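Using only what follows, build the 3D model:
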Amino acid sequence: MYTKLEYIESLRQNNTSHWIITALYNMCYKIAMATLAQKYFRQSYIFSNSNNSFESIASDAIAPLFISSKPNEPIGIQRSVLQWDSPITNEAQADFFIHKIVWNRVAQHITKLLKETDPIFKKIHSSLKRFIDKNDYNRIPYLGIMFITESHNKKILNRIISNEEIENLPCNLFFGKYDDVLKNIFNYIENETNFFPAIPLNALIRKLKSLNGNEHFTPLLNISAPSFEEVFDIDCIIEESLTQVYDTIEKSYSKSSKIDENISKAYKSALRDMAEDMKYGKTSKSLFEYLRFYLSNLTSHEFYSTYHSHLNHLKMQLKKTVIDKIKLN
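Predicted coordinates:
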């Protein structure tokens, strides 16, 4: 069996074989699975979709490492070896290299899933990323997580704050425009903690999103609501989107006698529940479970033979309408 350093050397020398690539894939897959279990298990709504199992996410995350973007070009992991700017001359350095590229791939894939499943997360992510890139801040990947640092900190050199600790920072640090928020948090980390001044990007977005949606906001704070660069009223967007979908139910299903009034009411109630879950980045149940809550005698056979196509179409319309309205704000 090869050592990790020998695997790296085979890639550097372009002297690989099917079993070497397979062994590297299995190694990366195990690291990806461990990373998901250790770093992302709290983000349960990502995994609530049956297509997003730990196994499928780990596999999808590392897949780009083992394919070539163009014919006759190196696969991703080989390109990474050739572009790596630090020495890889011993087993510890080889082990760090393999872990680092897998951590980065998992972090990128998780961000992609968050943006796909959560339009509010996507909205804040896009605007915050633009702000960081245009101002005196850096985005630095470190241990599988993207961090924000101030312009003079090009590398992360000490212990960093965790996602959970970001969640527990005082809420008043997160109010104001992005520049105010970042300066407040950096100042707090430097003066009130022993952490290196770096902010985990996705954790910051989740905190901003929760405050903007009033998920944890309390009047006892006696302070004004957040005023981000791109403020939008998610409750208003949800209501407007539901109104459009309800109109579809009335015009396309009720008036054409495809469904009766009881089913129409159940559809609307189920869709409102989905919209509320969507607001916080998740749809936690299957379509059958959403509808059965309002039709207690509904069987699985009846649902899939009669109602599934209707409700699935309405759900997709709702999601698209919400995303389109967020983009316009």
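
Okay, strands next: where are they in the protein?
Secondary structure of the chain, counting by DSSP state E: strands at 137-142, 145-150, 199-200.

Tell me, how many residues neighbour the closest residue to residue 125 other than its chain neighbours?
Counting by C-beta to C-beta, 6 or more residues apart in numbering, the nearest residue to residue 125 once its immediate chain neighbours are dropped is residue 205, at 5.5 Å. Every residue, glycine included, has its C-beta placed from N, CA and C. For residue 205, the count of nearby residues is 23 (other C-beta atoms under 10 Å).

now the residue positioned nearest the centre of the chain: how far from residue 286?
In the chain, the centroid-proximal residue (C-alpha atoms, centre = their mean) is residue 114; its distance is 2.2 Å. Applying C-beta to C-beta, to the nearest Å, the value for residue 114 to residue 286 is 21 Å.

on that earlier part again, how close does the residue nearest to residue 125 get to residue 128?
Remark: distance between residue 205 and residue 128 (C-beta to C-beta) = 6 Å.

Check residue 76 too.
Taken as C-beta to C-beta, the span from residue 76 to residue 128 is 27 Å.

The two: which has the busier surroundings?
The residue with more neighbours, out of residue 76 and residue 128, is residue 128; 23 against 18, by other C-beta under 10 Å.

Might you report the residue contacts of that one?
For residue 128, the contact set (C-beta atoms under 8 Å, 6 or more residues apart in numbering) comprises 178, 201, 204-205, 208.

Could you find the two of those residues that are most distant from each other?
178 and 201 (12.1 Å; C-beta to C-beta).

re the thing from before, and the residue nearest to the centre of the chain, how far from residue 123?
When residue 114 is compared with residue 123 (using C-beta to C-beta), they lie 12 Å apart.

before we move on, what about residue 296?
Taking C-beta to C-beta, one finds residue 296 at 37 Å from residue 123.

of the two, who's got more company?
Neighbours were counted for residue 296 and for residue 123 using other C-beta under 10 Å; residue 123 has more, 22 against 6.

per-residue confidence for that one?
Listed pLDDT for residue 123 reads 82.

Check the one 5 residues further on too.
We have a pLDDT of 90 for residue 128.

The one 3 residues further on too?
In this model, residue 131 is scored at 91, pLDDT.

any chance you could map the helices in the stretch 51-200 of the chain?
Along the stretch 51-200 of the chain, counting by DSSP state H, counting those that start in this stretch, helices occupy 54-62, 76-83, 91-117, 119-134, 163-167, 178-192.
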